[in-house]
Structures are given as C-alpha cells and as structure tokens.
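Student: Starting from these lines, generate the structure:
(chains A and B)
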Amino acid sequence: MDEFDEIRGCLVEMKDLSALMIDLAFSSVMYNSEDIAEEVYLLEERMDDLTLKVKRLTLRAAKKEEDPESLLSIMDMADINERISDAAYGIADIILRDIEPHPIIREIMEDTEEELGRVVVHKGSVLHGKTLKQLKLPSKIGTRILAIKRGSRYIYNPGKDDEIREGDVLIAVGSDLDKLRKLAGEEVEEEE
Amino acid sequence: MEEWDEVEVPNNVKEIFVEMKNTAELMVDLAYSAVLFREKEMAEEVLELEEYLDLLNYNLMVRAVLSARNLRDAERITSILQMGRSIDEISNAAADLAKMVIEEKLHPLINEVILESEETIGRAIVSPESILVGKTLEELDLPTNTGVWVIAIRRGKRWIFDPDEDTKLMPGDIIIGRGTRTALDYLKEIARGVIKVMPNG
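Tutor: Alright, predicted model coming up:
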C-alpha cells in the first residue's frame, strides 16, 4: 500500500467521522446526554491522531513528488475536517461543562428539519436479528442509524452487515423517527 | 456589513439558531458538491452563505447578551454564545473548502475521498418520463422515500440552491443530492424514469 492509499483511507474516515460528530454533538445537546457528549470527545481525539497521520504521510509522499505543492490541498482537507470536529466538540462541551445550558438550546432542536433521537429496540421487535442491509432503513423510512449502543459499547457508523438486536439503543436521524419507533416496538403517540 | 442591511434576520434567538444550524449544514453539503463537480458558482454561494451566517451569529450574540438580567442568566447564556461560535466555525471550514475550488487547488485524491465516504454526493438528471416531473419537493418527500437530501437543482443555466418545499421538478433538471451510494443510485433510476413507483409516492 503506498502513501496515497493510506492517506485516502484516513481522509475517508475523517470525513465520515466529522459528519457523525456533528450529528452526535447536536443530539447530545438535545438529550442532555453526557454519554454521547463524551463519545464526541473521544472521537475528537481519534480525529487529532488521523490529522497528524495524514500530514506525516503527505510529507513523506511529497519527497517523491515532482510538484510537492500539489499536495497542499490534501493537508488542507485534513485541517478542514479537524476544524469541523473541533466545532462539534465545542457543541458537545456545552453538556460536559458544569454550567447548566440555557433552556432555549434544547428548544431549538425541535424545529430542525431532521429529528435526532434514541430508539430502544423492544422485545419482539421486527428489527431484531436483521442486518442493516436487509432493513434498508434509509430508502424505506428515510432514517439513518448513526450509532448502535449495545450495553456500554457504541457501534459507530454501523455497516450493512451489522445486526440489530433486542435491547439495542439506536441513535438515529431522519425526518420522522416515529416510523422507526413503531418498528422497534415502542409505543408511539399518534398526532392529529 | 452594509450590503446586509436589507437582509432579513429571524426575530428571536430560537429561530436564529435553527437558521444557523441549517445554513451551516447546507454549506458543508454545497462545499463538498462544489469540490466534486468543480463548480465555482456553487463555491461562491458557500462564501455568500458564510457572510450571512456571520450576520446571524452577530444578531444571536446581541440578542443573547440583551436578555441577561442577572448572573445566573448570563452564565447560562454563555452556552448560547458557545453554540453560535461552534456553528460559525463549521461554516468557516466549509468556506475554506469552497475557496479551494475557486483557487483551483484540488488534488484528484480529494474527489476519491468524497466518492468513497459513507454519505456522498451525486447527480440525477430528471428525464421527461420520470414520475418526479411536475411534483413539488413536498409531495415527493425524497429524504423519506429515497434517503436523498436535495442540496441544489440546476435548471438550464440557473442554480436553485437549497430548494424549498414548493419547488416543482421539471424535465431536464439536474438534482444534486446527498445520501448513501445506494440511495443516490435509487434516485437516479427514478429520475431516469426506469423506476415508476416510490414507496408512499
């Protein structure tokens, strides 16, 4: 594997992580969840490691490059993702620090176009034992699973072959999470 | 900031926040789209949105500071300011990404990164035979029905950035959307007229 393959792998992970961190950061504020806020903090450390790794690899690649300056944009790309992740941490930090957040902060989240929330997979749910590939939640109900919390462990960015089990807590984003709640066997209050 | 004097800013803190969050998220999507398709006009739009977001953040700060009546209020208000600053930082990062498009400083590897990431960007061309034609985005509810979030629409020489719910799709429109590859491929098939039904559609 040459430097560029490694750099590409790191940057793909960084781009996915920064998007996940923004979603998790806003959700931590919405649910006043120190759990999720702390996870954002851990992801931010991972992001710092990746940033350094990309920079080192880029410098190494630059030695063999006729026009080393052409690699500047690769470092910039790493920096941009690192800054987005710092910003996500800045949002999650509102929950982690000692001062109680202003009530307006939680209120605002209700007006955004997408809803972020935690959905518990109940006993007897149709989701149990199915992989994300089988469920096709994004195209069927417009919902993405950002993470699965199983016991005290999180599965971030679950892939197609990850399976949902009873007792899982799904951290999901979508335009209407009630559809997912129904599938998970949660009681949903009908509106209108 | 004179040129922004005429721009309307939402009236209360809550609305300003929602506008800031949505604008910053749109900017990130638009910036990646601009990079992928080397669209300078789209990149310029990101820079304009960045100025708008600065204005929103300024208004947020003024209103937040005004509403403090005592020490406890003031302490809690710092969380609003911190949130505003963080959202502003996301928008600054998106703007810097957009500047790379304008300055033509992109290494080909960056395109590969965008295409390989979990949520990527794609284009779908609406053919006259597609079931999308003549329907509004509200009727189509593409996020729910296809898993694709519409970022922009290209109509002839014109861009519609962040199209609203009343936007009707027309033959020849090019939809720029964000989603997984599977979701984007599905939308492409619908736009081509190959798939004739959508769930709930």
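
Student: neighbours around residue 30, how many?
Tutor: The chain I'm using is chain A. 21 (other Cβ atoms under 10 Å in any protein chain shown). The way it works is simple: take the backbone N, C-alpha and C, and place the C-beta from them, glycine included.

Student: Chain B, not that one
Tutor: When neighbours are defined as other Cβ under 10 Å, B:Leu30 has 27 of them.

Student: That one and chain A, how far apart?
Tutor: As for B:Leu30, its distance to chain A is 14 Å (criterion: Cβ to the nearest Cβ, to the nearest Å).

Student: what do you get for B:His107?
Tutor: As for B:His107, its distance to chain A is 5 Å (criterion: Cβ to the nearest Cβ).

Student: okay, now that residue: neighbour count?
Tutor: 20.

Student: Spell out which residues sit in contact with it, please.
Tutor: Taking Cβ atoms under 8 Å, 6 or more residues apart in numbering or on different chains, we find B:His107 in contact with A:70-71, A:73-74.

Student: Which element, helix or strand, includes the residue lying closest to it once chain neighbours are set aside?
Tutor: The spatial neighbour of B:His107 that comes closest, neighbours along the chain excluded (Cβ to Cβ, 6 or more residues apart in numbering or on different chains), is A:Ser73 at 4.8 Å. Using DSSP states H and E, A:Ser73 maps to helix A:72-96.

Student: If you count contacts, what does the helix or strand just after that helix end up packed against?
Tutor: Downstream of helix A:72-96, the first helix or strand assigned by DSSP H and E is helix A:103-108. Where contact means 3 or more Cβ pairs under 8 Å, 6 or more residues apart in numbering or on different chains; DSSP states H and E, helix A:103-108 is packed against helix A:3-30, helix B:13-37, helix B:71-102.

Student: So in that sheet, which strands flank the helix or strand just after helix A:103-108, and in what orientation?
Tutor: Scanning forward in sequence from helix A:103-108 by DSSP H and E, the next helix or strand is strand A:115-120. Here strand A:115-120 is paired, per DSSP bridges, with strand A:169-174 (antiparallel).

Student: Can you check what angle separates the partner strand from helix A:3-30?
Tutor: For strand A:169-174 against helix A:3-30, the angle by axes from the mean of the first three to the mean of the last three Cα atoms, to 10 degrees is 100 degrees.

Student: what are the C-alpha coordinates of strand A:169-174, in CSV please?
Tutor: Taking only C-alpha atoms (Å, rounded to 0.1, in the frame of the first residue of the first chain), the coordinates of strand A:169-174 have been written out as CSV:
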residue,chain,number,x,y,z
VAL,A,169,-30.4,1.7,21.6
LEU,A,170,-30.4,3.1,18.1
ILE,A,171,-29.1,6.7,17.7
ALA,A,172,-30.9,7.6,14.5
VAL,A,173,-31.5,10.6,12.3
GLY,A,174,-34.4,11.1,10.0
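
Student: Touching that strand from outside, list them.
Tutor: Contacts for strand A:169-174 (Cβ under 8 Å, 6+ apart): A:23-24, A:27, A:36, A:114-121, A:137, A:141-150, A:164, A:180, A:184, B:143-144.

Student: Of these, grab the buried ones for ChimeraX.
Tutor: Filtering those down to the buried ones (16 or more other Cβ atoms under 10 Å in any protein chain shown) takes a single ChimeraX command:
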select /A:23,24,27,36,114,115,116,117,118,119,121,137,141,142,143,144,145,146,147,148,149,164,180,184 /B:143,144
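
Student: can I see the domain layout of chain B?
Tutor: Domain segmentation of chain B under automatic domain parsing yields B:2-109, B:118-192.

Student: Make CSV from these and add mean pLDDT to it.
Tutor: Formatted as CSV, the domains of chain B follow (pLDDT from 0 to 100):
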stretch, mean pLDDT
domain B:2-109, 91
domain B:118-192, 95
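
Student: coming back round to it: which residues touch the residue nearest to B:His107?
Tutor: By Cβ under 8 Å, 6+ apart, the contact set of A:Ser73 is B:100, B:105-107, B:110.

Student: roughly how far is stretch A:173-187 from the heart of the chain?
Tutor: With Cα atoms, centre = their mean, to the nearest Å as the basis, stretch A:173-187 stands 19 Å off its chain's centre.

Student: For it, measure first residue to last.
Tutor: Using Cα to Cα, to the nearest Å, the end-to-end distance of stretch A:173-187 comes to 19 Å.

Student: so which helix or strand takes in B:Ile114?
Tutor: Assigned by DSSP H and E, B:Ile114 falls within helix B:108-116.
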